[in-house]
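S.K.: sequence first, predicted coordinates after that:
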Amino acid sequence: GAVVSQHPSWVICKSGTSVKIECRSLDFQATTMFWYRQFPKQSLMLMATSNEGSKATYEQGVEKDKFLINHASLTLSTLTVTSAHPEDSSFYICSARDLAGETYEQYFGPGTRLTVT
Amino acid sequence: AQSVTQLDSQVPVFEEAPVELRCNYSSSVSVYLFWYVQYPNQGLQLLLKYLSGSTLVKGINGFEAEFNKSQTSFHLRKPSVHISDTAEYFCAVSPLVGSNTGKLIFGQGTTLQVKP
């Protein structure tokens, strides 16, 4: 089956620094990837839609200058949290849509837990 | 705009008992409907989906769900649960606007706690 990986699985960083999270589709090509944020015991909130070769589309209320998204290839999208603060601590999950599959099919990564101290 | 409401935040149930997790949605356009399961510290796994056709859909691990358009509901059921079904369950919709972008709107989640 389709596999999506995320790296790192968890990261601790100091306030004011930046951290990059990678999302890779391992056995398929993904023109579209999605980035979600999940707080403890809460639902997933879509942050942005990442399209290969073009700018990401951010959801209302998400700071595009703080959460930088790059989708440089058909198998890799990155989310960079810039000048991180403790309130950015969360579980970040990506998903990828198979170029050759149905538009509704999304495959989710295992998530990255970010803790900002 | 779309919204999804999962009516129960936690559902405790004994092993081998039946269970129903409730989901209602609101949308001004047609939607696809999904149920996902999330085990601790893991990503989401698709349980089942409704796209069109028969309103009763069957998924993995013995789960099924029924789409009720008039009540805008998509409740998830299993006739007999196992300890291993303990997890977080999310209902989600994907709006069909133009070319479907695949965007998902999730409910708040329901924690299914299966007790021995």
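M.R.: Good, I have the coordinates.
S.K.: beta-bridge partners for the residue of chain A found nearest chain B, please?
M.R.: Chain A approaches chain B most closely through residue A:108 (3.8 Å), counting by CB to the nearest CB. To be clear about C-beta, it is placed using only N, CA and C from the backbone, and glycine gets the same treatment. On the basis of DSSP bridges, residue A:108 is bridged to residue A:95.
S.K.: what about it, neighbour count?
M.R.: By the criterion of other CB atoms under 10 Å in any protein chain shown, residue A:108 has 24 neighbours.
S.K.: again with residue A:2
M.R.: Look at residue A:2: counted by other CB under 10 Å, it has 17 neighbours.
S.K.: check whether it really touches residue A:98, as I assumed.
M.R.: Yes. Using CB atoms under 8 Å, residue A:2 makes contact with residue A:98 at a distance of 5.9 Å.
S.K.: for residue 64, what are its contacts?
M.R.: No chain was given, so I picked chain A. Residue A:64 is in contact with A:48, A:56, A:58, counting by CB atoms under 8 Å, 6 or more residues apart in numbering or on different chains.
S.K.: not quite, I wanted chain B
M.R.: Residues near residue B:64 by CB under 8 Å, 6+ apart: B:48, B:56, B:57, B:58, B:76, B:77, B:78.
S.K.: bridged to it, which residues?
M.R.: Applying DSSP bridges to residue B:64 gives these bridge partners: residue B:58, residue B:77.
S.K.: likewise for residue A:77?
M.R.: Going by DSSP bridges, residue A:77 forms beta bridges with residue A:23.
S.K.: any chance you could map the strands in chain A?
M.R.: Ranges of strands in chain A, per DSSP state E, are A:4-7, A:10-13, A:19-25, A:32-38, A:44-51, A:57-58, A:67-73, A:76-81, A:90-97, A:107-108, A:112-116.
S.K.: what average pLDDT does the fifth one get?
M.R.: Mean pLDDT, strand A:44-51: 91.
S.K.: give me the low-pLDDT residue ranges for chain A?
M.R.: Scanning chain A for pLDDT under 70 picks out A:103.
S.K.: against residue B:2, how distant is the residue nearest the centre of chain A?
M.R.: In chain A, the centroid-proximal residue (CA atoms, centre = their mean) is residue A:35; its distance is 3.6 Å. Distance of residue A:35 to residue B:2, given as CB to CB, to the nearest Å: 19 Å.
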